[in-house]
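In: when you get a sec, could you give me coordinates for this:
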Amino acid sequence: MSTSSPRGTRIAHIGLAVESIERILPFYRDILGMPEVPLNNEDGALITGLAAGDSLVELLQPQVSDSPIGRFLTKRGQGIHHICFAVDDLEGTLARCKAAGLRLIDEVPRKGAEGKRIAFLHPSSTAGVLVEFTEY
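Out: Below is the predicted model of the structure:
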């Protein structure tokens with residue numbers, strides 16, 4: 001099975017855990033000139049998207065302290081939470097990861113903030129980086 005894809009894997013977005021979207025948003029929107037992209041809130045987080053070329057920056061603010069972003073902020077503070085790669089074949093990518101012995105957080109895809117199907121790999125399998133996959 002070939003691991004190459006017709007469009008190639010690309011960075012879809014980078015998720016940044018923040019204590020306050022309101023405080024950091026002016027930097028990205030007003031200083032860097034990144035336009036806002038409407039996104040749905042998911043997994044107990046308020047999410048604001050910002051266009052960065054063909055990719056997005058997602059600002060992730062916890063709605064409750066016991067959400068994934070809330071726990072991340074408590075443990076690690078503000079910063080990069082995850083990187084998301086867009087792939088042509090989400091199920092095939094997950095199958096290759098599983099066959100390679102990588103630890104999957106999501107065994108099957110689920111709906112994400114952009115309404116696209118997503119799945120996460122555990123950071124213990126990816127040098128400490130939480131990796132998300134989504135479809136084009």
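In: can I take it that residue 93 is in a helix?
Out: Yes: counting by DSSP: H, G, I helix; E, B strand; the rest coil, residue 93 is part of a helix.
In: quick one: the helices in the chain?
Out: Remark: helices assigned in the chain by DSSP state H are 21-26, 68-76, 90-99.
In: rounded mean pLDDT for stretch 102-114, please.
Out: The average of the pLDDT scores along stretch 102-114 is 93.
In: the lowest-mean-pLDDT helix or strand in the chain packs against which elements?
Out: Within the chain, no helix or strand scores below strand 110-111, which has a mean of 94 by mean pLDDT, DSSP states H and E. On a contact count with 3 or more C-beta pairs under 8 Å, 6 or more residues apart in numbering; DSSP states H and E, strand 110-111 meets strand 117-121. Placement of C-beta: from N, CA and C, glycine included.
In: how far does the strand it packs on sit from its chain's centre?
Out: 9 Å (C-alpha atoms, centre = their mean, to the nearest Å).
In: just stretch 60-67 next, same as before
Out: Its chain's C-alpha centre and that of stretch 60-67 lie 15 Å apart, by C-alpha atoms, centre = their mean.
In: need the residues that contact it.
Out: Here stretch 60-67 makes contact (C-beta atoms under 8 Å, 6 or more residues apart in numbering) with 15-21, 41, 43-47, 69-71, 73-74, 81.
In: run a quick neighbour tally on residue 79.
Out: 10 (other C-beta atoms under 10 Å).
In: which non-adjacent residue is nearest it?
Out: Excluding its sequence neighbours, the residue lying closest to residue 79 (C-beta to C-beta, 6 or more residues apart in numbering) is residue 17, at 6.3 Å.
In: tell me how far that neighbour lies from residue 99.
Out: Distance, residue 17 to residue 99, using C-beta to C-beta, to the nearest Å: 31 Å.
In: these two: who's more crowded?
Out: Taking other C-beta under 10 Å, residue 17 and residue 99 do not tie; residue 17 has more neighbours (23 against 9).
In: so for stretch 36-54, mean pLDDT?
Out: Averaged across stretch 36-54, the pLDDT comes to 95.
In: before we move on, what about stretch 119-136?
Out: Stretch 119-136 comes out at a mean pLDDT of 95.
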